[in-house]
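S.K.: build me a model:
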Amino acid sequence: MAELQMLLEEEIPAGRSALVDSFSNLDQVAEYCENNYVQSTDKQRALEETKSFTTQSLASVSYLINTLANNVLQLLDIQASQLRRMESSLNHITQTVDVHNEKVARREIGILTTNKNTCRSHKIVAPADQERALRYIRKPIDYSALDHVGHGVKWLLRFKVRTRPLTPVTSLSQ
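M.R.: Numbers count the residues shown, from 1 in each chain. Next up, the predicted model:
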């Protein structure tokens with residue numbers, strides 16, 4: 001903040017006033033150079049002196065413009081960072097308000113609901129008379145119980161017609 005205030009109150013106005021002063025100085029230098037060239041007997045030396053004054057004056061003005069432009073850019077950077085901070089805090093406040101509004105809306109929805117009366121009984125009811133468990137009896141395993149079930153080979157063999165190879169019939173006339 002102090003840097004911003006110093007730029008606004010001191011450096012930028014000083015740079016601006018220096019530019020205004022250099023404008024009037026350039027006008028005076030131009031008038032001097034013109035009078036010097038007209039009144040001089042050595043025109044070449046007067047032209048070289050005019051070139052020197054012009055170069056020095058323009059360098060001075062360009063330095064002042066550069067300094068003032070840098071100060072203005074620095075001022076803009078400081079203000080942009082302040083705007084970013086303000087935007088960040090504004091976004092934070094907006095989010096806080098949105099969360100509060102959401103809580104209030106959910107509370108209002110909750111007011112409109114009713115409690116469901118639920119029965120707290122057991123879902124599985126045990127039978128009144130318990131069946132007595134049967135005693136385990138060990139039985140031998142019958143391995144031939146599923147012999148009739150299979151892949152069909154025995155079934156095909158049952159219906160297979162046994163054929164004898166055909167023998168040539170011999171005729172009686174021979």
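
S.K.: what segments of this structure are helices?
M.R.: According to DSSP state H, the chain carries its helices in the segments 2-6, 12-39, 43-112, 153-159.

S.K.: list the helices and strands the third one packs on?
M.R.: In this case it means helix 43-112. Applying 3 or more Cβ pairs under 8 Å, 6 or more residues apart in numbering; DSSP states H and E, one finds that helix 43-112 contacts helix 2-6, helix 12-39. Yep, even glycine has a C-beta here, placed from its N, CA and C like the rest.

S.K.: how about the helices of the chain, which one is nearest Glu131?
M.R.: Closest to Glu131 of the helices of the chain, according to Cβ to Cβ: helix 153-159, at 43.0 Å.

S.K.: just the mean pLDDT for that closest one, thanks.
M.R.: Computed over helix 153-159, the mean pLDDT rounds to 58.

S.K.: give the residue spans of the chain that score low on pLDDT.
M.R.: 122, 150-174 (pLDDT under 70).

S.K.: apply 50 and report the result again.
M.R.: 174 (pLDDT under 50).

S.K.: can you get me a residue count around Asn25?
M.R.: 14 (other Cβ atoms under 10 Å).

S.K.: now do the contacts for it.
M.R.: Ser57 (Cβ atoms under 8 Å, 6 or more residues apart in numbering).

S.K.: also the one 4 residues further on?
M.R.: Contacts of Val29 were listed using Cβ under 8 Å, 6+ apart, and they are Phe53, Thr54, Ser57.

S.K.: and of those residues, the nearest to Leu73?
M.R.: Nearest to Leu73 among the contacts of Val29: Ser57, at 24.7 Å, using Cβ to Cβ.

S.K.: output the contacts of Val29 in JSON lines; the columns should cover distance to Ile111.
M.R.: Below are these laid out as JSON lines (distance: Cβ to Cβ, whole Å):
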{"residue": "Phe53", "distance to Ile111": "86"}
{"residue": "Thr54", "distance to Ile111": "84"}
{"residue": "Ser57", "distance to Ile111": "80"}
